[in-house]
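Trainee: Give me a 3D structure for the following:
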Amino acid sequence: MTGIAADLSRCPTPQELMDMAASQTGVDDFGDPARNAGLAALVESIERGSWQGMTDQARALAIDYLTHQLVTRLRLVADRKAYPEIARQTIEAPLIVVGPPRSGSTLLHTLLSLDPDNMAPEHWICREPSPPLALGTPTQERLDAAEKRMMDLFSLIPDVFVTHPYMIEEGSGALAECGSDILSLAFTAQQLWCWWGDDSYRDYLLKADHSAAVGLHHDFLQHIQWGNTGTRWALKGSDHMLWLAELAAQYPDAKLIWTHRDLSQQLASLASVQAILLGLNGHPVTPEARRAQGRKAMEFQWAITDKAMKSREAIGDDRFFDSNYHELMADHVEGVRRIYDWAGLTMSDRHADAIRNWLANHHQTKHGQHRHSPEEFGMSAERINEQFASYTEKFGFGFGIRPGMTV
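Mentor: Purely as a prediction, here's the structure:
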C-alpha cells in the first residue's frame with residue numbers, strides 16, 4: 001500500500017478512498033453523487049466506532065475492500081458510457097426473495113436459480129463485473145482475483161464457512177446477495193453494519209431514502225444481463241426489507257417473496273452469524289461480545305421487520321408471496337411450485353429434477369453443524385413474542401410459534 005492507505009493509524013476519509021480508486025483506474029466518474037451517501041455514513045461510523053479496536057491486518061483489509069468497491073463503481077460507469085447497449089437492457093418481472101436472514105432465503109434462492117430460464121448473479125461477477133459478459137468469456141485470472149479477494153476477507157472469520165457451507169464448495173461461484181454483493185457498491189448493506197458499523201450507520205440504513213442505491217442495483221443488473229442467456233432474474237437479499245418501498249418502485253412488476261421461519265430458530269441463527277462477523281476486527285470474539293452482538297442483532301431485526309411491514313402495507317399484499325420455511329423443508333419441489341403458481345409461471349420437469357439432484361448432493365450439515373441457542377443470546381419466548389407481536393399476528397410466526405399452532 002502507498003500514501004494514505006499505508007497510514008493505518010487513522011481511517012481514510014471518503015474523498016481519500018475515492019482518490020485511491022481513481023488512481024487505480026485512471027477514471028474519476030463514480031456516477032450519481034447521491035450513491036455516495038452510504039460511503040459517507042459508513043466511514044463516519046467506522047471512524048467513530050470499530051477503527052480503534054481493529055488490528056492493522058483488519059484495517060488494511062477494510063481499506064482494500066472499500067477501495068475495491070469504488071474501483072468497481074468506476075469501471076461500471078466507464079463501461080456504461082462505452083457500451084450504450086447496457087443501458088438498453090430491460091429487467092422484466094424478476095423473482096426477488098426479500099425475507100430476513102436465516103429464514104431459508106438462501107436455500108430458496110438456490111432452488112429458484114436451478115430453473116434453466118432463470119439468471120442469478122454469482123459472487124465473482126459482483127467482485128469483477130468488468131468487462132461485460134457480452135465482450136467474451138471471463139478469463140481465469142479474473143475468476144481467481146475474485147476468489148482471492150473473497151477468501152482474504154473471510155480468512156479472519158473461518159467459522160463463516162459453517163454458517164454458509166456453499167462457499168466451501170463453490171467459492172466465488174456461489175450465488176450472490178443483492179445487499180452484501182450488489183448494494184454494497186453503494187455502501188448500503190446490513191452486512192457492513194455487522195462488520196464495522198455502529199449505531200449511526202444502523203440508523204442510516206433504517207431512515208435514509210435508498211432510491212439512489214436501488215437505482216445502482218438496477219444498473220448493475222443491466223450490466224451483467226448484457227451477454228447473459230437467461231430470460232428472468234432470480235434474486236435474493238434480506239437487506240431488501242430495509243428498502244421495500246424503493247425496491248417495489250424500481251421494479252413495479254417484480255414478484256416479491258417474503259420468507260418466514262420460527263423466530264426461535266431464525267433469530268438465534270442470525271445472532272450467531274452476526275457475532276461471527278465481529279471477527280473482522282482481527283480479534284477473537286469473546287462470549288460477552290457474542291451476547292452483546294446477539295442482543296443488538298435482535299433489536300435491529302425487529303426495527304427492520306417493523307419498517308418492512310409498514311412498507312408492505314403501502315405496497316399491497318398482492319405483490320408478495322409468503323414462503324413458509326418449514327413447509328419448504330418438508331417438500332422443496334412443491335414449495336417452489338407454489339411460488340411459480342402464484343407468479344403465473346410453469347415449473348418445468350427439468351427444474352424439478354434439478355432441485356432433486358441438487359438436494360441429493362448438498363446436505364445441510366455436510367461441512368459442520370452451526371450450533372447456537374436462543375438462551376446463549378439472552379433471548380426468551382416472552383420477550384420475543386411481546387416485541388414481535390404484530391408480526392406474529394399478521395404472519396403466524398413467533399418464538400416457538402408457526403402457522404397452525406396455538407400461541
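Trainee: For the rest of this, base every contact and every neighbour count on C-alpha atoms.
Mentor: Fine.
Trainee: Enumerate every residue touching Pro374.
Mentor: Shown in contact with Pro374 (C-alpha atoms under 8 Å, 6 or more residues apart in numbering): 264-265, 267-268, 380.
Trainee: same check, this time on Glu246
Mentor: By C-alpha under 8 Å, 6+ apart, the contact list for Glu246 reads 209-211, 214.
Trainee: Counting neighbours, which of those comes out on top?
Mentor: In terms of neighbours by other C-alpha atoms under 10 Å, those top out with Val214 at 27 neighbours.
Trainee: nearest to Thr259, of the contacts of Glu246?
Mentor: Nearest to Thr259 among the contacts of Glu246: Val214, at 20.7 Å, using C-alpha to C-alpha.
Trainee: Distance check, that closest one against Gln250.
Mentor: Applying C-alpha to C-alpha, to the nearest Å, the value for Val214 to Gln250 is 7 Å.
Trainee: Can you show me the strands along the stretch 301-407 of the chain?
Mentor: Secondary structure of the stretch 301-407 of the chain, counting by DSSP state E, counting those that start in this stretch: strands at 320-324.
Trainee: Helices of that one, residue ranges please.
Mentor: Using DSSP state H, counting those that start in this stretch, the helices found in the stretch 301-407 of the chain span residues 325-330, 332-343, 349-361, 381-387, 389-395.
Trainee: right, and Ala304 touches Leu244 too?
Mentor: Not quite, residue 304 is Ile, not Ala. No. Look at Ile304 against Leu244 with C-alpha atoms under 8 Å: they stay out of range, at 10.4 Å.
Trainee: between those two, which one's more packed in?
Mentor: Neighbour comparison, Ile304 and Leu244: the larger count goes to Leu244, with 23 against 20 (by other C-alpha under 10 Å).
Trainee: so how far is Ala93 from the more buried one?
Mentor: 16 Å.
Trainee: And Gln222, by the same measure?
Mentor: Distance, Gln222 to Ala93, by C-alpha to C-alpha: 14 Å.
Trainee: most neighbours, which of the contacts of Pro374?
Mentor: Leu267 (28 neighbours).
Trainee: quick one: secondary structure of it?
Mentor: Secondary structure assignment for Leu267 (DSSP: H, G, I helix; E, B strand; the rest coil): helix.
Trainee: quick one: it and Glu299 touch, right?
Mentor: No. The pair Leu267 and Glu299 fails to qualify as a contact (C-alpha under 8 Å) at a distance of 10.1 Å.
Trainee: quick one: low-confidence ranges for this structure?
Mentor: Residue ranges of the chain with pLDDT under 70: 1-6, 156-169, 364-372, 404-407.
Trainee: same thing but at 50, please
Mentor: For the chain, applying pLDDT under 50 flags the ranges 1-4, 367, 370, 406-407.
Trainee: mind checking how far stretch 187-198 is from the chain centre?
Mentor: Relative to its chain's centre, stretch 187-198 lies at 11 Å (C-alpha atoms, centre = their mean, to the nearest Å).
Trainee: scratch that, stretch 50-70 is what I was asking about
Mentor: The answer for stretch 50-70 is 19 Å, by C-alpha atoms, centre = their mean.
Trainee: repeat for stretch 110-128
Mentor: 13 Å.
Trainee: Could you give me the buried positions within the helix or strand containing Leu66?
Mentor: Under the criterion DSSP states H and E, the helix or strand holding Leu66 is helix 56-82. Using 16 or more other C-alpha atoms under 10 Å as the test for burial, helix 56-82 gives 56, 58-64, 66-80.
Trainee: quick one, what contacts the closest residue to Ala40 other than its chain neighbours?
Mentor: Excluding its sequence neighbours, the residue lying closest to Ala40 (C-alpha to C-alpha, 6 or more residues apart in numbering) is Pro14, at 6.0 Å. Neighbouring residues of Pro14 by C-alpha under 8 Å, 6+ apart: 39-40, 43.
Trainee: what's the closest of these to Glu313?
Mentor: Closest to Glu313 out of these is Leu39 (30.1 Å), distances taken as C-alpha to C-alpha.
Trainee: Distance of the closest one relative to Cys194?
Mentor: Per C-alpha to C-alpha, Leu39 is found 15 Å from Cys194.
Trainee: And for Ser311?
Mentor: From Ser311 to Cys194 the distance is 24 Å (C-alpha to C-alpha).
Trainee: With Gly104 instead?
Mentor: 20 Å.
Trainee: okay, now the closest residue to Thr346 other than its chain neighbours: neighbour count?
Mentor: Once flanking residues are discounted, Thr346 sits nearest to Tyr340: 6.1 Å by C-alpha to C-alpha, 6+ apart. Residues near Tyr340, counting by other C-alpha under 10 Å, number 17.
Trainee: could you pull out the strands for the stretch 101-250 of the chain?
Mentor: In the stretch 101-250 of the chain, the segments counted as strands under DSSP E, counting those that start in this stretch are 118-119, 232-236.
Trainee: so of those, which one's packed in deepest?
Mentor: strand 232-236 (a mean of 23; mean count of other C-alpha atoms under 10 Å).
Trainee: and it, what does it pack onto?
Mentor: Contacts defined by 3 or more C-alpha pairs under 8 Å, 6 or more residues apart in numbering; DSSP states H and E place strand 232-236 against strand 95-97, helix 105-113, strand 118-119.
Trainee: Tabulate the ones you listed (CSV), appending distance to Phe320.
Mentor: Putting these into CSV (distance: least, C-alpha to C-alpha, whole Å) gives the following:
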stretch, distance to Phe320
strand 95-97, 10
helix 105-113, 14
strand 118-119, 19
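Trainee: Figure out which of these is closest to Gly237.
Mentor: Nearest to Gly237, of all the helices and strands packed on strand 232-236, is strand 95-97, at 6.3 Å by C-alpha to C-alpha.
Trainee: ok, now which ones touch the nearest residue to Arg356 once chain neighbours are set aside?
Mentor: Excluding the flanking residues, the one nearest Arg356 by C-alpha to C-alpha, 6+ apart is Val333, at 7.6 Å. With contact set as C-alpha under 8 Å, 6+ apart, Val333 has these partners: 352, 355-356.
Trainee: Just the buried residues from those residues, in ChimeraX please.
Mentor: Those of the contacts of Val333 that count as buried under 16+ other C-alpha under 10 Å are selected in ChimeraX with:
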select :352,355
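Trainee: of all the contacts of Val333, which comes closest to Ile125?
Mentor: Checking the contacts of Val333 one by one against Ile125 (C-alpha to C-alpha), the nearest turns out to be Ile355, at 23.7 Å.
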